[in-house]
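1. whatever this is, show me its structure:
(one chain, ligands or ions: 1)
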Amino acid sequence: MAEKFKAVPFSERLVLLPHCMRNVKQCKAVDEGTHYSCVKCGGCKIAQIQKLADELGYKKLYVMKGGKAIYNILVDQKVKAVVAVACHFEGAQGIKMTDSLKVITQFVPLLKDGCYDTDVDVETVKQIMEQK
Ligand code: SF4
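-> From the prediction side, this is the model:
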């Protein structure tokens, strides 16, 4: 889907990150119910990704609490493309969903998964986000 992804304007793309990447000891993100909105406190790598999303003009970045709410977000916002970070299991489930909705997806698996303190290669995420 890489070529199709490049054709979608930044303003039509979402970033979906898992909440387990947050630094829960110092996170100042706003709890929005189904997800968090990062305020770039700098406590975890999400701040770097949020900063780039803001600079490029991405539609929104969601720090998701779980995968089930993603369906409603994608449908309600008529999203055309997503950059998604998750563990392999959640990623596989998510790709089935985005495929069924015809949402173009670029998936970056976590380097370290688990329920908290997870990690991702931010440079890989940034490279994908910047593609056009
Ligand atoms: S950078 Fe964002 S998600 Fe990470 S700890 Fe700070 S407010 Fe929370």
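2. need the three-state assignment for the residue nearest the centre of the chain.
-> The structure's the chain has its C-alpha centroid closest to Leu16; by C-alpha atoms, centre = their mean the separation is 1.8 Å. Three-state assignment for Leu16 (DSSP: H, G, I helix; E, B strand; the rest coil): strand.
3. that one against Ala81, yeah?
-> No: in this structure, Leu16 is not within contact of Ala81 by C-beta atoms under 8 Å, at 11.0 Å. (C-beta placed from N, C-alpha, C; glycine too.)
4. and the longest helix along the chain, C-alpha only, in CSV?
-> Criterion DSSP state H: the longest helix present in the chain is helix 88-100. The C-alpha trace of helix 88-100 is given here as CSV (Å, rounded to 0.1, in the frame of the first residue of the first chain):
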residue,chain,number,x,y,z
HIS,A,88,2.0,-7.9,15.9
PHE,A,89,-1.2,-9.4,17.2
GLU,A,90,-3.1,-6.1,17.5
GLY,A,91,-1.6,-5.0,14.2
ALA,A,92,-2.9,-8.1,12.4
GLN,A,93,-6.4,-7.5,13.8
GLY,A,94,-6.2,-3.9,12.9
ILE,A,95,-5.1,-4.5,9.3
LYS,A,96,-8.1,-6.8,8.8
MET,A,97,-10.4,-4.0,10.0
THR,A,98,-8.8,-1.2,7.9
ASP,A,99,-8.7,-3.6,4.9
SER,A,100,-12.5,-4.1,5.2
